[in-house]
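# Just need the structure, nothing else, for what follows:
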Amino acid sequence: MSKPHPPSSSSRVVVVRRVVPLLGSALLGAGCPSTTIDEPVGRCVEAAPWSSGTPMFVERDAASAGLVGVTGARISAVDVDGDGDGDLVVRKVGAAPNDVSLPQDDPARTGWLLKNDGKGHFVDDSAASGLWTPRGDAPGRPGDVMAFGDVDGDGALDAFAGVDTTNAAGGSGETTELMRGEGGGSFVLGDEEHDLRRAGLPDLPASASFVDLDRDGHLDLWVPEHNYDGLTFIGDRVYLGDGTGRLSDVSEAFGVVSAEWTGVDVINDGLAHARSWSGIACDLDGDARPELLSASYGRAPNHLWQAQGDDFWTNVSVESGYAYDDDRTWTDNQFAICFCTQNPAADDCDQVTASPQLGCGQPNWSHDTDREPFRLGGNDATSLCADVDNDGDLDVVTTTIKHWWAGSGADQAEILLNDSDDGAVRLSRPGRAAMGFDIEHVTRGGWDEGFMTAATLDVDNDGRLDVYLGGSDYAGNRGHLLHNQGTDADGVPQFTDLPVPDFFEANRSHGVAVADFDGDGDVDMVVGHSLSRCDAGQPNDCNQDAEGNYTAQVRYFENVVGAQQNFVQLQLRQTSGTNSAAIGARLTVTTTVDGATLTQTREVGGGHGHFGMQDDLVQTFGLGKACEATVTVRWPVKGVPEQTFAVAAGARWLITEGAEPAPR
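Okay, the predicted model is just below:
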């Protein structure tokens with residue numbers, strides 16, 4: 001059973017009936033008598049729903065949380081030691097070799113593994129964990145991109161630890177590795193002969209997702225790649241696992257291939273290499289097979305690969321609507337206006353009627369290519385798969401950097417609704433206004449939106465996913481919490497961009513991970529911070545410590561409202577194959593209150609996002625006023641039947657494949 005938490009003023013205990021032996025388990029034998037007892041499990045509360053004006057979070061100071069000196073923007077919340085509590089793995093951007101012998105607060109540290117005591121207090125276990133063990137002579141290996149999953153079925157999470165090998169000085173000759181988990185949160189270097197290490201090849205992983213691509217019960221790996229040397233690109237990679245810890249590159253065999261940037265048409269069609277800045281794997285068309293998403297920086301098309309079976313994927317980037325939006329406006333790009341002002345006879349410059357709002361001294365416009373669809377896309381970072389409209393399929397939340405001068409044609413951070421039908425993946429873009437929110441820009445003159453990381457979580461446990469957007473790097477940027485209000489008459493989800501007093505102010509918010517860190521039944525947040533472009537003369541400046549120095553200290557925000565509503569937590573254990581944490585399993589949770597039915601759909605994630613993010617494998621579902629829920633589990637293994645059962649609110653349930661749920 002989950003840790004107890006204070007009930008509201010009106011609550012009742014839920015009781016389940018269990019059959020137990022009359023004798024101790026050590027004495028059990030054939031025909032051992034048993035009896036039926038009533039056992040309290042969970043609780044159900046009756047409380048008013050959250051309303052604006054009541055703060056959702058309180059900040060835990062770094063000292064009480066054990067986070068003093070932890071200063072990263074790559075954040076993962078995973079239970080590395082298997083004790084049921086979400087731990088933290090934090091890395092700095094562009095991490096150099098990590099000397100874990102240094103104190104936790106030493107500025108030279110570049111990464112931390114922090115174990116949770118179950119109450120939201122963290123202890124630095126980086127050195128003992130072995131996660132940064134080098135293969136060579138460096139004091140500690142780098143590890144910018146990380147993802148966690150059990151690849152060999154021993155019950156311990158293993159780690160993909162990605163390294164930019166194009167940066168020889170920063171990497172000290174180290175490569176990407178599979179760090180093998182040995183239990184208790186300890187890791188050792190994996191096999192030296194491993195495709196993941198990309199011996200002799202450039203490697204610049206932008207993200208990583210463990211996923212069972214062929215549904216054989218063994219975890220595989222999706223690794224989108226970024227670019228190097230300016231505009232030299234690496235094809236995104238797919239690695240197939242065999243359950244022993246071996247992961248083999250099968251990208252070409254599985255159809256995940258792309259071309260060099262040889263011409264505008266191949267780029268516009270989404271057929272050239274992605275300039276990836278993140279990735280994720282999730283089932284968008286509902287056929288139990290995961291799609292592969294690779295979000296691209298530099299106004300290059302995003303890539304979406306649709307599963308065509310268990311061993312082949314097809315590029316549907318453009319037709320799916322994920323590559324870029326349909327707005328082809330270029331005439332309000334400030335640099336296009338500059339160009340046409342200076343070259344009025346150039347093609348289509350007669351369509352430009354505005355005057356430039358910036359100085360035109362430095363050209364930043366190629367009239368031949370910058371009007372092409374791919375150049376009117378975005379600088380996309382994190383994509384998330386989440387059912388934000390409660391209709392049973394997974395939508396896509398995108399984060400994007402957008403500058404005011406780029407004009408209306410440049411893509412922006414938004415939510416893409418899943419309209420897939422008849423086997424075709426289709427994502428529509430209703431836009432922010434149609435979803436009831438916009439982002440206020442508070443800087444003087446021009447503005448920049450620096451949305452790069454994000455999270456979905458049900459803050460108030462009302463059964464609807466809220467969206468946190470991390471606005472980073474630029475003046476005037478902060479984190480935004482979009483509170484889900486449900487859908488309108490057309491089925492479009494409606495969000496309110498909450499005022500800062502309702503949640504928290506996190507300027508230049510870069511990096512986020514969510515989990516129930518303190519075990520009280522609601523989801524907390526750990527948020528990172530960017531120190532790029534600090535400017536005391538602009539709003540939302542970078543954070544400062546007590547001495548007035550800029551600091552990238554991570555911050556822990558404890559949820560104080562969610563546990564006042566009903567919830568259920570679900571932890572999965574898969575027995576078919578070696579994917580013990582059931583990464584890729586789909587959970588459907590249905591509740592009925594006063595005749596109204598609400599369905600929530602999620603998948604257990606194996607890593608995602610901008611250079612490596614991961615949220616807790618334990619899934620927390622808000623139930624609002626409901627005292628129980630019907631749960632369906634679709635296991636990510638072909639041939640394994642779905643399971644459906646009822647669970648009581650107010651508890652954590654362990655769901656083992658083929659067995660009845662058991663309270664934790």
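# can you give me the helices for the protein?
62-65, 126-129, 168-171, 264-268, 317-320, 334-342 (DSSP state H).
# Would you mind checking which of those helices scores lowest on average pLDDT?
Mean pLDDT across those is lowest at helix 168-171; the value there is a mean of 61.
# quick one: low-confidence ranges for the stretch 201-350 of the chain?
By pLDDT under 70, the stretch 201-350 of the chain has no low-scoring segment.
# Which parts of it are strands?
Applying DSSP state E, counting those that start in this stretch to the stretch 201-350 of the chain gives strands spanning 209-211, 220-223, 227-228, 232-233, 237-241, 247-249, 276-282, 291-296, 303-307, 313-315.
# related to what we said a few turns ago, I'd like to know which of the helices of the chain is closest to F621.
helix 62-65 (25.5 Å; C-beta to C-beta). Every C-beta, even on glycine, is put in place using the N, C-alpha and C of the backbone.
# Any regions of the chain where pLDDT drops low?
1-39, 168-171.
# Reformat the strands of the stretch 201-350 of the chain as a markdown table; add distance to A65.
Below are these laid out as a markdown table (distance: least, C-beta to C-beta, whole Å):
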| stretch | distance to A65 |
| --- | --- |
| strand 209-211 | 28 |
| strand 220-223 | 32 |
| strand 227-228 | 37 |
| strand 232-233 | 40 |
| strand 237-241 | 35 |
| strand 247-249 | 35 |
| strand 276-282 | 27 |
| strand 291-296 | 31 |
| strand 303-307 | 38 |
| strand 313-315 | 42 |
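# And those: which comes nearest T443?
T443 lies closest to strand 276-282 among the strands of the stretch 201-350 of the chain, at 23.6 Å (C-beta to C-beta).
# tell me which residues of that closest one are tucked away?
The neighbour-count check on strand 276-282 (16 or more other C-beta atoms under 10 Å) flags S276, W277, S278, G279, I280, A281, C282 as buried.
# Can you give me the end-to-end span of stretch 583-601?
With C-alpha to C-alpha, to the nearest Å as the measure, the ends of stretch 583-601 fall 15 Å from one another.
# Sorry, slip of the keys, the one I care about is stretch 640-649.
First residue to last in stretch 640-649 (C-alpha to C-alpha) measures 27 Å.
# Next: stretch 47-65.
29 Å.
# give me every residue that touches G286.
For G286, the contacting residues are D393, S420, by C-beta atoms under 8 Å, 6 or more residues apart in numbering.
# That should have said D154, apologies.
Per C-beta under 8 Å, 6+ apart, neighbours of D154: G181, G183, S580.
# One more: V78?
G86, D87, V89, F148, L157, Q614, D616, L617.
# What's the separation between it and V554?
Per C-beta to C-beta, to the nearest Å, V78 is found 16 Å from V554.
# E603: neighbour count?
When neighbours are defined as other C-beta atoms under 10 Å, E603 has 24 of them.
# Identify the residue spatially nearest to it, adjacent ones excluded.
R586 (5.1 Å; C-beta to C-beta, 6 or more residues apart in numbering).
# The one you found contacts Q619, doesn't it?
No: when contacts are counted by C-beta atoms under 8 Å, R586 is not listed as touching Q619 (10.7 Å).
# overlap in contacts of the two?
R602.
# Identify the bridge partners of G624.
Taking DSSP bridges, one finds N566 as the beta-bridge partners of G624.
# Is it correct that it is in contact with T591?
Yes: contact criterion C-beta under 8 Å: G624 and T591 qualify, at 7.0 Å.
# Show me whatever sits in contact with both of those two.
G463, L598.
# more crowded one of those two?
Applying other C-beta under 10 Å to G624 and T591 shows that T591 carries more neighbours, namely 23 against 20.
# Can you report how many residues lie near the closest residue to the more buried one other than its chain neighbours?
Closest residue to T591 apart from its sequence neighbours, by C-beta to C-beta, 6+ apart: A626 at 3.7 Å. Residues near A626, counting by other C-beta under 10 Å, number 24.
# my read: A626 touches T590, true?
No: with contact defined as C-beta under 8 Å, A626 does not reach T590; the gap is 9.3 Å.
# Now list whatever residues contact both of those two.
Overlap between the contact sets of A626 and T590, as judged by C-beta under 8 Å, 6+ apart, is nil.
# got the helices of the chain as JSON lines, with mean neighbour count columns?
Shown next, in JSON lines, are those (neighbours: other C-beta atoms under 10 Å):
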{"stretch": "helix 62-65", "mean neighbour count": "16"}
{"stretch": "helix 126-129", "mean neighbour count": "20"}
{"stretch": "helix 168-171", "mean neighbour count": "14"}
{"stretch": "helix 264-268", "mean neighbour count": "16"}
{"stretch": "helix 317-320", "mean neighbour count": "21"}
{"stretch": "helix 334-342", "mean neighbour count": "21"}
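# Would you mind telling me which of those is nearest L498?
helix 62-65 (23.4 Å).
# helices and strands around that closest one, which ones?
strand 555-559 (3 or more C-beta pairs under 8 Å, 6 or more residues apart in numbering; DSSP states H and E).
# Alpha carbons of the strand it packs on, in CSV - could you do that?
C-alpha atoms of strand 555-559 as CSV (Å, rounded to 0.1, in the frame of the first residue of the first chain):
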residue,chain,number,x,y,z
ARG,A,555,14.4,23.5,-7.5
TYR,A,556,11.9,21.1,-6.0
PHE,A,557,8.2,22.0,-5.9
GLU,A,558,6.0,19.9,-3.6
ASN,A,559,2.4,19.4,-4.7
